[in-house]
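J.: coords below, sequence missing:
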């Protein structure tokens, strides 16, 4: 998805397209070169999504836009390694397996409960070597809580 396509989606006022655009930003949150072109659209995103009822039964769907904006702000202010986005911004859908597949982290171990269910992953950022425990949780949907080690 190009920057123009993302902006068209996230500013469309169509809830499904807004979420698609926001999730695209989230998917490349660790790649500053893809995020920085979006910073000039930050206020437009806020203006076009402000006050929209985006729904969400158990968790507000507005969190996708909010997290996308946090990612843009993070990279625009050059706050350090983007791996801190995993734990600092409380977004629950950073799947460690997908982050590993994108070469953002390595997973050195998977800790299981009763040798069945995943409790947490032991991860390391491939940029700065920060270690994390990514706890796998399930309720209405699968989610992960990242904690720095």
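T.: Received, thanks. Keep in mind it's a predicted model, so treat the numbers as computed, not measured. Numbers count the residues shown, from 1 in each chain.
J.: If you count contacts, what does the helix or strand hosting residue 42 end up packed against?
T.: In the assignment (DSSP states H and E), residue 42 maps to helix 42-49. In terms of contacts (3 or more Cβ pairs under 8 Å, 6 or more residues apart in numbering; DSSP states H and E), helix 42-49 is packed against helix 3-10, helix 62-77. (Glycine included, C-beta is placed from N, CA and C.)
J.: now the helix or strand residue 145 falls within, how far from the chain's geometric center?
T.: Secondary structure assignment for residue 145, by DSSP H and E: strand 142-148. The chain centroid and the centroid of strand 142-148 are separated by 11 Å, computed with Cα atoms, centre = their mean, to the nearest Å.
J.: How about it, which residues are buried there?
T.: Of all the residues in strand 142-148, those buried under the rule 16 or more other Cβ atoms under 10 Å are 143-146.
J.: Neighbouring strands - and their directions - for that strand?
T.: Note on strand 142-148: by DSSP bridges, its sheet partners are strand 131-138 (antiparallel).
J.: what's in contact with the partner strand?
T.: 83, 86-87, 92, 94, 96, 105, 118-125, 142-149 (Cβ atoms under 8 Å, 6 or more residues apart in numbering).
J.: run the last query once more with 10 Å
T.: The contact list for strand 131-138 (Cβ atoms under 10 Å, 6 or more residues apart in numbering) reads 83, 86-87, 92, 94-97, 99, 105-113, 117-125, 142-149.
J.: Need the buried ones from those residues selected in ChimeraX.
T.: Selection of buried members from these for ChimeraX, criterion 16+ other Cβ under 10 Å:
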select :83,86,87,94,96,99,105,118,120,121,122,123,124,125,143,144,145,146
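J.: What residues of the helix holding residue 42 count as buried?
T.: For helix 42-49, burial by neighbour count (16+ other Cβ under 10 Å) applies to 45, 48-49.
J.: By mean pLDDT, which helix or strand of the chain comes out lowest?
T.: Every helix and strand of the chain was ranked by mean pLDDT, DSSP states H and E. The lowest is helix 84-88, at a mean of 87.
J.: which helices and strands sit right next to it?
T.: Counting contacts by 3 or more Cβ pairs under 10 Å, 6 or more residues apart in numbering; DSSP states H and E, helix 84-88 packs against helix 62-77, strand 117-125, strand 131-138, strand 142-148.
J.: Cool, thanks, signing off.
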